[in-house]
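Asker: Make a model of this:
(one chain, ligands or ions: 1)
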Amino acid sequence: MQNDGSPHDAYSSFLVRPSGPIDGTVTISGAKNSVLKLMAATLLAEGAYRIENVPDITDVYTMGELLASMGLTVTHGPGTVDIVCPAECSTVAPYEIVGRIRASIVVLGPLLARFGEATVALPGGDNFGSRPIDMHLRGLEAMGASFETEHGNVIGRVDNLIGAEILLDFPSVGATENLMMAAIRAKGITTIDNVAREPEISDLAEMLNKMGANISGAGTSTITIDGVERLHATDHTVVSDRLESATYLAALASTRGELRLERARAHHMEMLLAKMRSMGMTITPDDDGITAIVPQRLRSVDVSTLPYPGIATDYKPMIVAMLSLADGVGIVTENLYAGRFAYVSELARMGAQIRIDGHHAVVRGCDRLSGAPVKAHDIRAGACLVVAALAADGETLISDAHHIDRGYSQFIEKLTALGIDITRVATDRRRKD
Ligand code: EPU
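Answerer: Coordinates of the predicted model:
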């Protein structure tokens with residue numbers, strides 16, 4: 001890959017200068033955490049699929065690479081991906097790709113359902129702690145699959161998946177998706193209790209039902225699946241990205257002003273919007289978006305992350321950036337991931353006053369932050385540094401911007417159109433690490 005500062009260059013950085021107030025409109029893209037699973041679902045049946053409202057993010061290209069390595073034909077267009085799944089596919093997801101995108105674990109359920117075998121590299125840890133897949137495996141075992149681990153791969157086999165009653169220890173997004181995709185081809189009825197209720201789960205269930213599956217209850221805590229023998233290809237439009245919407249709302253909090261989020265879905269982020277309103281934001285939803293106004297400095301609040309419909313862990317870095325600039329002290333509690341506070345030391349380099357105590361962050365708001373060279377540790381951490389940089393004196397250089405490219409479609413272009421001073425620059429490799 002070239003080091004030319006071009007989009008998706010692994011070595012680019014973002015240079016941000018204080019900007020605002022915003023007065024404009026941004027169009028929210030399709031959700032990363034939905035499209036990756038919709039793409040994996042194409043393994044379930046032979047045929048030609050078209051997915052629309054696809055974000056232009058590197059994770060989509062990586063998932064496309066994974067599917068292509070398995071024998072599918074993947075063609076990316078503007079806002080679309082066309083996938084043709086053949087009668088025979090490889091059932092191996094190699095570490096070289098899985099290591100780049102943990103979401104590739106969701107090929108496990110479809111491969112077992114269609115071919116009765118799967119070899120998927122274990123994704124390992126990431127920048128915010130170890131993320132096991134025990135619930136995925138236990139649920140699939142309940143349906144008759146068996147697993148062994150060899151050379152860093154989990155190898156699954158099953159003659160025929162059989163419907164089962166499954167209770168998840170925790171409403172895991174990935175486990176819910178893998179089990180749902182396996183159960184649609186199982187013999188008989190599967191009920192999965194304590195499932196994840198995210199809008200992206202409902203989006204996947206909707207596409208699977210269009211493929212001929214019989215899934216009910218998606219979006220509630222219990223999903224019931226009546227297994228079918230045949231599935232077929234379909235077209236689908238990706239649900240709007242609530243995490244991207246939250247990021248632009250947090251950017252507005254930094255710059256102040258008025259922002260229209262076209263295609264944002266307020267009913268997918270109600271708890272967050274309630275919290276933002278209690279900080280002093282005016283937020284008005286309508287049928288095709290959200291309009292938000294931030295006239296003055298916001299007030300601090302306390303926030304706890306919880307599974308959907310609670311406040312998502314992925315919003316938290318943006319909320320911490322907002323609280324760093326708000327009036328007062330806010331306590332943020334992380335209930336999902338151990339150690340997802342790596343970005344705090346980067347915010348501290350910008351003058352933020354944050355104390356970490358176990359899974360709590362105590363954030364004392366300051367009037368102004370100060371631009372500094374900082375590093376993006378993951379997608380959301382990178383976005384939070386951009387949010388903070390908008391209200392920091394001087395320049396902020398955010399290195400490892402490739403993390404941000406994994407999840408934010410046309411980020412520089414969209415922010416620039418809002419009048420934000422942000423550019424992509426080539427990182428001097430000597431400065432890395
Ligand atoms: N967990 C287990 N065992 C399992 C599965 C999960 O212990 O078998 C634990 C994890 O370690 C974690 C918690 O359960 O502590 C939540 O994990 P979950 O399975 O719900 O997360 P995921 O499916 O791996 C998705 C999103 C993440 C988001 C989480 C939680 C995708 C591609 N990723 O991950 O998104 O943080 O749900 O909402 O859908 C992001 O977009 O930046 C991102 C990291």
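Asker: For residue 409, see how far away the nearest residue to residue 417 once chain neighbours are set aside is.
Answerer: In space, residue 417 comes closest to residue 24 once its chain neighbours are excluded; the distance is 6.6 Å by CB to CB, 6 or more residues apart in numbering. Where C-beta positions appear, they are placed from N, C-alpha and C, glycine not excepted. Here the criterion is CB to CB, to the nearest Å. By it, residue 24 lies 17 Å from residue 409.
Asker: So if I had to pick from these two, which one is more boxed in?
Answerer: Set side by side, residue 24 and residue 409 show unequal neighbour counts under other CB atoms under 10 Å, the larger going to residue 409 at 20 against 14.
Asker: My read is that that one contacts residue 57, right?
Answerer: Yes - with contact defined as CB atoms under 8 Å, residue 409 reaches residue 57; the gap is 5.4 Å.
Asker: Low-confidence stretches in the protein?
Answerer: Along the chain, the parts satisfying pLDDT under 70 run over 1-10, 124-130, 339, 428-433.
Asker: mind listing what residue 78 touches?
Answerer: Residue 78 is in contact with residue 56, counting by CB atoms under 8 Å, 6 or more residues apart in numbering.
Asker: What separation do you get for it and the ligand?
Answerer: Residue 78 is 23 Å from the ligand, where distance means CB to the nearest ligand atom, to the nearest Å.
Asker: go on, residue 348?
Answerer: Distance from residue 348 to the ligand, counting by CB to the nearest ligand atom: 22 Å.
Asker: How about the residues of the protein by the ligand?
Answerer: If contacts are counted using CB under 6 Å from any ligand atom, the residues of the chain sitting beside the ligand are 32-33, 36, 102-103, 131-136, 170, 172-175, 196, 243, 312-314, 336-337, 379-380, 407.
Asker: Please produce a PyMOL select command covering the buried subset of those residues.
Answerer: Here the buried members of the residues of the chain next to the ligand are turned into a PyMOL selection, burial being counted by 16 or more other CB atoms under 10 Å:
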select buried, resi 32+33+36+102+103+131+133+135+136+172+173+174+175+196+243+312+313+314+336+337+379+380+407
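Asker: list the buried ones in stretch 207-221?
Answerer: By neighbour count, with 16+ other CB under 10 Å as the criterion, the buried positions of stretch 207-221 are 207, 208, 211, 212, 213, 215, 217, 218, 219.
Asker: Revised request: answer the last question for stretch 309-322.
Answerer: Buried positions in stretch 309-322, judged by neighbour count with 16+ other CB under 10 Å: 309-322.
Asker: which residues make contact with that stretch from outside it?
Answerer: Under the criterion CB under 8 Å, 6+ apart, residues 197, 242-243, 246-247, 249-250, 253-254, 270-272, 275, 279, 298, 303-305, 332, 334-337, 340, 343-344, 347, 352, 354, 361, 363, 380-381, 383-385, 387-388 lie in contact with stretch 309-322.
Asker: Burial check on residue 356, number of neighbours?
Answerer: Neighbour count of residue 356, defined by other CB under 10 Å: 15.
Asker: how about the nearest residue to it, chain neighbours excluded?
Answerer: The spatially closest residue to residue 356, leaving aside those adjacent along the chain, is residue 341, at 5.3 Å (CB to CB, 6+ apart).
Asker: hang on, the earlier thing: mind giving me the packing neighbours of the helix or strand containing the residue nearest to residue 417?
Answerer: With elements delineated by DSSP states H and E, residue 24 resides in strand 22-27, which encompasses its position. Applying 3 or more CB pairs under 8 Å, 6 or more residues apart in numbering; DSSP states H and E, one finds that strand 22-27 contacts helix 242-255, strand 257-262, helix 411-417.
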